[in-house]
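Q: no sequence for this one, just the structure:
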Ligand SMILES: N[C@@H](CCC[C@H](N)C(=O)O)C(=O)O
């Protein structure tokens, strides 16, 4: 079974490139993504043919669960399509479970920009279980600390928490508790966001189904969208992540555009023995 491996600011994905339909169950996905016993990755991208709406893509987290969307995954898949000569320099569509997005490859494949669609704040759309139409600045007590949650959907669920100083430790301590908090029936991605200025955010991330990651595209979009909504930032935001910088533009109607790097790592083939 063949895979191509790429990373986007240290968030790495395997693209399944075999011609046979993706044969792996949840346990096999967990093993393939394992960094010590498998090929190792933050997720698997499974191309799912082409419809008139665009190239269809399934996204799997390293715990085997499906994700509706992944920003870095979309940039990586775009780069893969470009490397294969299936797209050129013009914009094209990719369709995930959360609907279509528009993508474009720049700079000989090294940069990809994706129009990610609208950030949605409606509680029912995220979903977040509150009685109010939106969940912004919602106080939650955890481990003796009050965190103020902001729930938003980028096609997948996000929980954005603004803090004075963001750190990996915060993400690793509170991320798992918020990912599985009863407020989020489908679990949640979690971001700890420090506002550095009107155009700069520092973001540390705990990803649903993956844990602490160096970067996340949808998390960056979610953080920038909430920062704009709360008046902390302008529409053009540099998101500084542990793995590098993503540029996010949030329009006045909260349509979000993401641009950032992708790097090709190599090709790998999985031995059947790995799954025994
Ligand atoms: N790495 C991603 C997010 C992947 C999906 C996420 N873990 C989820 O379950 O929603 C990104 O770059 O957006």
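A: Looks like it came in fine. What you see is a predicted model; the values in this text were computed from it and never measured. Numbers count the residues shown, from 1 in each chain.
Q: quick one: the helices in the stretch 151-276 of the chain?
A: Here the stretch 151-276 of the chain has its helices, by DSSP state H, counting those that start in this stretch, at 168-179, 217-229.
Q: Could you check the shortest one and say which residues are buried?
A: Within helix 168-179, the residues that qualify as buried are 170, 171, 174, 175, 178, 179, counting by 16 or more other C-beta atoms under 10 Å. Backbone N, C-alpha and C define where each C-beta goes, glycine included.
Q: Same check on stretch 131-141?
A: Those would be 134, 135, 136, 138, 140, for stretch 131-141 by 16+ other C-beta under 10 Å.
Q: and of those residues, the nearest to the ligand?
A: Closest approach between those and the ligand, by C-beta to the nearest ligand atom: residue 135, at 17.2 Å.
Q: nearest spatial neighbour of the closest one, skipping sequence neighbours?
A: residue 151 (4.0 Å; C-beta to C-beta, 6 or more residues apart in numbering).
Q: just residue 127 next, same as before
A: Sequence neighbours aside, residue 185 is the residue nearest to residue 127 in space, at 5.8 Å (criterion: C-beta to C-beta, 6+ apart).
Q: what about that neighbour, neighbour count?
A: 12 (other C-beta atoms under 10 Å).
Q: Give me the distance between it and the ligand.
A: According to C-beta to the nearest ligand atom, to the nearest Å, residue 185 and the ligand sit 14 Å apart.
Q: Surely residue 60 touches residue 42?
A: No. Applying C-beta atoms under 8 Å, one finds residue 60 not in contact with residue 42, separated by 10.4 Å.
Q: List the beta-bridge partners for the residue nearest to residue 135.
A: Note on residue 151: beta-bridge partners by DSSP bridges are residue 159.
Q: mind checking pLDDT for it?
A: At residue 151, the pLDDT value in this model is 98.
Q: sorry, back to before: what's the closest of the buried residues of helix 168-179 to the ligand?
A: Distance to the ligand, by C-beta to the nearest ligand atom, is smallest for residue 179 among the buried residues of helix 168-179, at 9.2 Å.
Q: mind listing what that closest one touches?
A: By C-beta atoms under 8 Å, 6 or more residues apart in numbering, the contact set of residue 179 is 187, 188, 189, 190, 206, 208.
Q: from the residues you listed, which ones fall inside strands?
A: Taking DSSP state E as the definition of strands, the contacts of residue 179 contribute 189, 190, 206.
Q: and those as TSV, adding neighbour count and distance to the ligand?
A: Converted to TSV, those look like this (neighbours: other C-beta atoms under 10 Å; distance: C-beta to the nearest ligand atom, whole Å):
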residue	neighbour count	distance to the ligand
189	28	5
190	30	10
206	27	9
